[in-house]
Structure formats: C-alpha cells, structure tokens
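Asker: model the structure of this input:
(4 chains)
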Number of protein chains: 4
Amino acid sequence: MTFKVDFKVRDYECDLQGIVNNSVYFNYLEHARHEFLAFKNIDFAALAEQKINLVVIRSEMNYRDSLKPGDEFYVEVETEKVSKLKFAFHQKVIRKHDKKLMLDAIVTGTSVNDRGRPFLHQEIEQLFS
Amino acid sequence: MTFKVDFKVRDYECDLQGIVNNSVYFNYLEHARHEFLAFKNIDFAALAEQKINLVVIRSEMNYRDSLKPGDEFYVEVETEKVSKLKFAFHQKVIRKHDKKLMLDAIVTGTSVNDRGRPFLHQEIEQLFS
Amino acid sequence: MTFKVDFKVRDYECDLQGIVNNSVYFNYLEHARHEFLAFKNIDFAALAEQKINLVVIRSEMNYRDSLKPGDEFYVEVETEKVSKLKFAFHQKVIRKHDKKLMLDAIVTGTSVNDRGRPFLHQEIEQLFS
Amino acid sequence: MTFKVDFKVRDYECDLQGIVNNSVYFNYLEHARHEFLAFKNIDFAALAEQKINLVVIRSEMNYRDSLKPGDEFYVEVETEKVSKLKFAFHQKVIRKHDKKLMLDAIVTGTSVNDRGRPFLHQEIEQLFS
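Answerer: Residues are numbered from 1 along each chain as shown, chains lettered A, B, ... in the order given. Take a look at the predicted model:
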C-alpha cells in the first residue's frame, strides 16, 4: 500500500499569482518524506541531532497543474534503492476531490556524517532493501 | 555576459540541520529569474495582474553542497528556447568566496492566459529569440 | 465554543535552533484565522480577488515556550469588535499532549478597499457584532 | 548612528493579496537583528551550536502600510536593556524612495541555556550595557 499524507492548502502558501508557490511543493514533499520516515521509526530531527544528515542530492519535479487556496490534497511516497549509497523517493501530489495529478517528482537522497562523508545509516539501509 | 544576482544566506532560511533548507533554493532561483526578467523590462507581478502567468512546468535541481549561515553567493541565469511555447532557465548557485558550485538547475516554463491556456506573451517570446 | 484548528509541526518549519521559527507562528495564526473565516462563510481569497483586503494593523505575541519537531498542537481563535472599523482576534497556540500554552496573541485587523481606504465589508461586520 | 540593513522585496514573499505577507516582516526583522549581532561580533548560529539560544519572548508590531513587489526598503535596529535578563530591539521598516514608515516593532528577547533556563551570555550583556 502506498504511503500518503493529507494536506490542505493554506492561504499563506499562495503567491501573487493566487496559486501555491512552486517552492512550497518542496515543503509538502519534504514533510511527506519525513512522515514516511517517522512511520518507519526513523526520526529525521533526532538523526540531525546526532549529525547524521539525510540530504537531497537531486530533485526532478513536473508541475502538472496548480493547487489553489483551500484545495485538499495528499502526497504519495514510494521508495527505490538506486545504488549502495543512494535512495530515491517517487512522490505524487494528488488533488483530493477529483484525484487529479498536480505534480510528480523523483527526489534522490543520500546520508552523510558530520564530516559530510557519505554514510548510510543502518536503519535507513533497511528501509530501502 | 551571464546575468547574476547577489545573495547572502539569512539564518531563518536554515533548518534544523543548520544548513539552508532545500526548498529555499527554489526561492533563490525564482528571485534571480524575476530579477532577470525585470532587467529585460518584463514585470512578473504586473503580468500576473493582467492574468498572464509565467509558470514552471518542470525543474531539475542538482544539490552539490550546502549553503550555511552567513554564506555569500550569487545565482546565475541563462536562457534557452526549448520549443514554440517552452523556455528554459539554466541556473547555478555559486558560493562567492571560493566560486564553488553549490547547485545547478534547469527550470522549464511556459506562459498561460487566464483560462490556463498556453500563451506566449510577445515580450517573453522576444526574450528567448 | 472556542473555534480551533489542529496542526502538527513540520520539520521545515524549524530553524537552526531546532525549534519552530518565530515567524512561522504568524503563519499558524493566519491559517487559523482564515479557517475561522471560512467556517463563517467568509472566503479570504475570494475577497482578495474582489480587491477587498482584510489586513492586519497590529500584532502582539507572547512566546511562552517553543514548539519542536513532531509536536501536535491547536490554535484557538476568539473575536472581539474593537471599534467601528477594527476587529481583534485573540489567539492561543496550545500543545496537545499537555495542554501547555505555547503562545498567546492579539491580532488586530481592518478591511480596506482597492484604494486602501478602510471599508468594513458587511459580512465581516456581522461576524463581529 | 542607527544600524540598518538594506532589502528588496522578492516576489515569492508576496501573497495572494499581491503584497508582502505579514509573517515575512518577521523574517526581515530577524535577519536585521542577526546582522546587527554579527556587526557586534556575536554569531547567532555559532551560539545555537553551543546550545545558547537567543529567544524572542514578546513581539509587538504595527503594520502601517504594505510593501509591494520590487519595493526597496531598509530595516533599522536599536537596542534597549529592559531588565537584568531581558533586552529589546526597536525596529522600523522604512521604504527607501520616500522614507515612509511601513512597520514599527518592539521585539523583546532573552537568552537561555540548553536546559531552557535564562542565561545572559556575557557578550550579549555587554551589547546592551
């Protein structure tokens, strides 16, 4: 079953075009990923405290349509192991009332230690295997 | 000559990892594009008032290294005409003191009218030809 | 009965101190006010489209304690008519698990027309009487 | 001489009313305060690393007029020692071209250690004496 997180557009997320600003989708996707990690018992903030940082190395986002004030939607999260040290999140933003795909994205990440070296934490490794 | 805009990291742009949050690069890139448009006498906000909306349809971003509190940097903007109705911005985020490439991106956009139909405003067409 | 809106802290709302950034409480309060207005059948975005703008003229916020990653909380909204043209929102941010008051605020607003003149829309007048 | 920091409105800071969103003034004020601290050789981020956190306990903001896309402005910072453990920043947002006061604010803060106890770092004490 695909993991998903429910959202509702907040007016302050909209810009002078009256639609959700492009950068905000990034926030939505990040929050959904962190909720997914929490669901898998991985605490992003606690890892950061330990100087183990999950970092994004690449993102590809296709903007299909624009979310508007008041829209309800959900973000789907699926994972893929890309290589020994890289993992990808396939994410979709779907408007609730008509199931319209608003955005789809591939976000590729890795894990680094406090010296910025790649370091795949065991818990994270298990997540993607 | 490549168009560029100077920036300095603001502390509120940093997240609990102590580095600039990924979504904020999107803000930086957008601001640099709008400054580029302004330089070419295209006023993004005024167009939005007329219901002519420049919209992003795809972004690809490669995160090379992380900006930290206090870092000074600049964002470069170069343009490419992709097709009759699509244009691309090639953008780089470069740290000032050592000219290190922190992020590079391709942001593809189009222009739509108030009914959401593709519509390439003449001024914008000239910009990319 | 006091109107309230449920929230959960999102990691991107936290800054380099590892706590929710002060400015973000402003976002929370605004969203709760707009949800309150929506509940009363007043559509903030639709009013803005008609160039009737509800604007904040003063805010007073007391920060009692800091929200942290993952915290669940709710924002309470109560209204007060201050004068013919001014209305106030009394708002509280309360952490869910222990009902601790994290922030209390008074946000005073008015309504202006497209020339920036005070203009209290009838629907809003009714809301506060 | 009053300390000030120059800014220019970025389009993404504007909301669906086409003006700078109220929460963003908080960002402006914070950035100006941190620049002021940096000017006085106090590094906010470095202190946070050492778990010495400067925190806001109260803010009062009077919104006089709205900044719009492209507006240039500056933020003034003046300090006041309020009590043994509290210090205040008096801040003004002033539009550049006509010196119009857009917002004035009093932001009161204190300093806490890693157990959340009031603790006024010596460097900060000197700043306000």
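Asker: all strands of chain A, in order?
Answerer: Ranges of strands in chain A, per DSSP state E, are A:3-8, A:53-63, A:72-81, A:87-95, A:101-112.
Asker: mean confidence score for the fourth one?
Answerer: Right, the one you point to is strand A:87-95. Average pLDDT, strand A:87-95: 97.
Asker: given that strand, what are its sheet partners and their directions?
Answerer: Its sheet considered, strand A:87-95 pairs with strand A:72-81 (antiparallel), strand A:101-112 (antiparallel) by DSSP bridges.
Asker: centre of the chain versus it, how much separation?
Answerer: Centre-to-centre, strand A:87-95 and its host chain are 7 Å apart (CA atoms, centre = their mean, to the nearest Å).
Asker: any idea of the angle that strand forms with strand A:3-8?
Answerer: 40 degrees (axes from the mean of the first three to the mean of the last three CA atoms, to 10 degrees).
Asker: buried ones in the helix or strand of chain A with the lowest mean pLDDT, by neighbour count?
Answerer: Between all helices and strands in chain A, the lowest mean by mean pLDDT, DSSP states H and E belongs to helix A:122-127, at a mean of 78. By neighbour count with 16 or more other CB atoms under 10 Å in any protein chain shown, helix A:122-127 contains the buried residues A:124, A:127. Placement of C-beta: from N, CA and C, glycine included.
Asker: is chain C within reach of it?
Answerer: No. Between helix A:122-127 and chain C, judged by CB under 8 Å from any CB of the partner chain, nothing touches; the nearest distance is 15.9 Å.
Asker: can you tell me what sits against stretch A:88-97?
Answerer: The contact list for stretch A:88-97 (CB atoms under 8 Å, 6 or more residues apart in numbering or on different chains) reads A:6, A:25, A:28-29, A:32-33, A:36, A:65, A:67, A:71-82, A:100-109.
Asker: 6 Å instead?
Answerer: A:29, A:33, A:71-80, A:82, A:101-108 (CB atoms under 6 Å, 6 or more residues apart in numbering or on different chains).
Asker: next one: the closest residue in space to residue A:113 that isn't next to it in sequence relative to chain D, how far apart?
Answerer: Sequence neighbours aside, residue A:119 is the residue nearest to residue A:113 in space, at 4.1 Å (criterion: CB to CB, 6 or more residues apart in numbering or on different chains). Relative to chain D, residue A:119 is positioned 21 Å away (CB to the nearest CB, to the nearest Å).
Asker: next one: residue A:124
Answerer: 25 Å.
Asker: ok, now residue A:34?
Answerer: Residue A:34 is 21 Å from chain D, where distance means CB to the nearest CB.
Asker: how near is that residue to residue B:16?
Answerer: Distance check for residue A:34 against residue B:16: by CB to CB, to the nearest Å, it reads 11 Å.
Asker: what's the angle between the longest helix seen in chain A and strand A:53-63?
Answerer: Using DSSP state H, we find that the single longest helix of chain A is helix A:22-39. Counting by the same axes, to 10 degrees, helix A:22-39 lies at 130 degrees to strand A:53-63.
Asker: avg pLDDT for helix A:22-39?
Answerer: Helix A:22-39 shows a mean pLDDT of 97.
Asker: now do that helix: which elements does it pack against?
Answerer: Under the contact definition 3 or more CB pairs under 6 Å, 6 or more residues apart in numbering or on different chains; DSSP states H and E, helix A:22-39 sits against strand A:3-8, strand A:72-81, helix B:22-39.
Asker: so what touches that helix?
Answerer: Taking CB under 6 Å, 6+ apart as the rule, helix A:22-39 contacts A:3, A:5, A:13, A:44, A:75, A:77, A:89, A:91, A:103, A:105, B:23, B:26-27, B:56, C:10-12.
Asker: just the CA trace of it, in CSV.
Answerer: Written as CSV, here are the backbone C-alpha positions of helix A:22-39 (Å, rounded to 0.1, in the frame of the first residue of the first chain):
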residue,chain,number,x,y,z
ASN,A,22,6.4,26.5,-6.6
SER,A,23,8.8,26.3,-3.7
VAL,A,24,6.0,25.2,-1.4
TYR,A,25,5.6,21.9,-3.2
PHE,A,26,9.1,21.2,-2.0
ASN,A,27,7.9,21.7,1.6
TYR,A,28,5.0,19.4,1.0
LEU,A,29,7.2,16.7,-0.4
GLU,A,30,9.7,17.0,2.4
HIS,A,31,7.0,16.8,5.1
ALA,A,32,5.6,13.7,3.5
ARG,A,33,9.0,12.1,3.3
HIS,A,34,9.7,12.8,7.0
GLU,A,35,6.2,11.5,7.9
PHE,A,36,7.1,8.3,6.0
LEU,A,37,10.4,8.0,7.8
ALA,A,38,8.6,8.5,11.2
PHE,A,39,6.2,5.8,10.2
